[in-house]
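>>> Got a predicted structure plus its sequence, pasted below:
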Amino acid sequence: MKVTFESENDVEVKRMAKSGDLAMFVWELVHNGWRDFKHTDYDYQPSWDKIHELLDEYNIDIDDLIG
């Protein structure tokens, strides 16, 4: 895919350029982040529930963004 855009807004350009990096970060967090806490005594489930609640609230399907 080839995309061309023009903008005089540096923030807009940075957002577009970094959106793929952000999507990959969120994918990694959702699918693998819990593993760091799997064998600890830390109850990570409330944090995980909140992450998924926010993803739902903002209608973010991370698999759709990456796939």
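Now that the structure is in, tell me what you want to look at.
>>> how much space between Asn32 and Phe25?
Per C-beta to C-beta, to the nearest Å, Asn32 is found 11 Å from Phe25. Quick note: C-beta positions are derived from backbone N, CA and C, even for glycine.
>>> Counting neighbours, go ahead and name the busier of these two.
Ranked by neighbour count (other C-beta atoms under 10 Å), Asn32 and Phe25 place Phe25 first, with 13 against 9.
>>> What's the mean pLDDT across the helix or strand hosting that one?
Phe25 belongs to helix 10-32 when assigned by DSSP states H and E. For helix 10-32, the mean pLDDT works out to 89.
>>> which residues sit against it?
Here helix 10-32 makes contact (C-beta atoms under 8 Å, 6 or more residues apart in numbering) with Phe5, Ser7, Ile51, His52, Leu55, Ile60, Ile62, Asp63, Leu65, Ile66.
>>> change it to 6 Å
Contacting residues not belonging to helix 10-32 are listed as Ser7, Ile62, Leu65, Ile66 [C-beta atoms under 6 Å, 6 or more residues apart in numbering].
>>> For that helix, list every residue counted as buried.
Val26, Trp27, Val30 (16 or more other C-beta atoms under 10 Å).
>>> any idea which helix or strand comes after that helix?
Next in line after helix 10-32, if elements are assigned by DSSP H and E, sits helix 45-57.
>>> Buried residues in that next one, which are they?
For helix 45-57, using 16+ other C-beta under 10 Å, the buried residues are Ile51.
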